[in-house]
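In: only geometry, no sequence info:
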């Protein structure tokens, strides 16, 4: 089953708002055997919306539209589609009462008059509940085809998509096709190797993936490898992915730290928790970014005890016990200082494992010997220690984020080596 997506909003066309709705819809539709054949974005203009929806219905017969269902003057999707289907807008009294009750529950005073427009529904249409907002969705069917209108607010759209639209489309796919053929994907997460290096490692081994396609998705955190099995019954697609993922993980080894939404910080915390170890960090150029990564993981407090942001040399000396002589002799961005920072925070917080980062994040401060992007990382785990110098590319934020990710991976490798 093919369908099309129309996203509405001047802010999308101007680039002020990232269009995440289209991606969410495409993934959800692929999961139930439907294919998004085309996606267009149009401005908040009734004629533009009407033309886009008419074209989508002419080609595919089904269209999902997001945006333009709010109470303001520029929200004209409802009116545009109603006119296209030749249906007048009418107040749905039950919907109006529900809107008024919602405002009474969450806001003082009467409901603004402009919100009455959100209770207007094309004659003969079915409303789609929106438990997270005031704009209901609309399902409109006629000779032209099927139009599904959803609000543009991503959280609202996503909830309605999962609860109402996906079951509807899945049922129609079953009616049309009998056997539902879906698209399934899985992501293997890697860090520490460039996209080209991974390709060199995996491309000569197509048999590892079988009949599953591979895409490389690089970012500052590493390279995700997306495996996709398409046009197959769900059990077969899942079996393909399982076999392909197992084969590639054998080739990747420790370079792969997880799948799909796995976060490296959570993986490291789990490794330490398994051993009953605690962790502390000492940060200079990352300025607390590493600690933020760790504390973003629910339940981190049973492993991560805390850290010291030692940005100035005086703090390295006073809070971590780094010798002034070591700093004077080697500079604050050096192997010796990174090791002293790690040892200092481990001693003061009495932990089993520690990470220390010191570097030149830029854009200034670099020298020929220590160019911008130079970062020293030291990690301790039990009686083992590692220290590494890297030069990271990119701007200040890139260097800091790459430093935090690389530090977590360095500790992960040391802990795994200790276990062996």
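Out: Yep, it's here. This structure is a prediction, so every number in the text was calculated from the model and none was measured. Numbering: from 1, shown residues only.
In: Residue 379 touches residue 386, doesn't it?
Out: Yes: contact criterion C-beta atoms under 8 Å: residue 379 and residue 386 qualify, at 5.3 Å. C-beta: built from backbone N, CA, C; applies to glycine.
In: Now the common contact residues for those two.
Out: 410, 414 (C-beta atoms under 8 Å, 6 or more residues apart in numbering).
In: any idea how far residue 155 is from the spatially most central residue of the chain?
Out: Against the mean C-alpha coordinate of the chain, by C-alpha atoms, centre = their mean, the closest residue is residue 261 at 7.9 Å. Residue 261 is 18 Å from residue 155, where distance means C-beta to C-beta, to the nearest Å.
In: Looking at the protein, which helix is longest?
Out: Looking across the chain with DSSP state H, the single longest helix is helix 396-419.
In: what's that one packed up against?
Out: helix 264-275, helix 289-295, strand 353-359, strand 374-381, strand 384-391 (3 or more C-beta pairs under 8 Å, 6 or more residues apart in numbering; DSSP states H and E).
In: From the centre of this protein, give me the residue that's furthest out.
Out: residue 325 (44.7 Å).
In: what's the following helix or strand after the helix or strand encompassing that one?
Out: Residue 325 belongs to helix 324-330 when assigned by DSSP states H and E. Next in sequence after helix 324-330, counting helices and strands by DSSP H and E, comes helix 335-349.
In: Run the angle between that following helix and strand 384-391 for me.
Out: Calculated by axes from the mean of the first three to the mean of the last three C-alpha atoms, to 10 degrees, helix 335-349 forms an angle of 130 degrees with strand 384-391.
In: What is the burial count for residue 79?
Out: As a burial measure, residue 79 scores 17 neighbours (other C-beta atoms under 10 Å).
In: I meant residue 139, not that one.
Out: Residue 139: 17 neighbours (other C-beta under 10 Å).
In: coming back round to it: could you report the separation of the residue nearest to the centre of the chain from residue 108?
Out: Distance from residue 261 to residue 108, by C-beta to C-beta: 39 Å.
In: Look up the closest residue to residue 330, ignoring the ones flanking it.
Out: Spatial nearest neighbour of residue 330, chain neighbours left out: residue 336 (4.4 Å); criterion: C-beta to C-beta, 6 or more residues apart in numbering.
In: Repeat that for residue 193.
Out: Nearest non-adjacent residue to residue 193, counting by C-beta to C-beta, 6+ apart: residue 255, 5.7 Å away.
In: And the contacts of the top strand by length along the chain?
Out: Looking across the chain with DSSP state E, the single longest strand is strand 222-233. Contacts with strand 222-233, where a contact means C-beta under 8 Å, 6+ apart, come from 30, 179-195, 198, 202, 209, 211-218, 236-238, 240-241, 244-245, 248, 405.
In: mind running it again at 7 Å?
Out: 179-193, 195, 198, 209, 212-217, 237, 240-241, 244-245, 248, 405 (C-beta atoms under 7 Å, 6 or more residues apart in numbering).
In: Checking my notes, residue 38 in a strand, right?
Out: Yes: residue state for residue 38 (DSSP: H, G, I helix; E, B strand; the rest coil) corresponds to a strand.
In: Show me what it is bridged to.
Out: Beta bridges link residue 38 to residue 4, judged by DSSP bridges.
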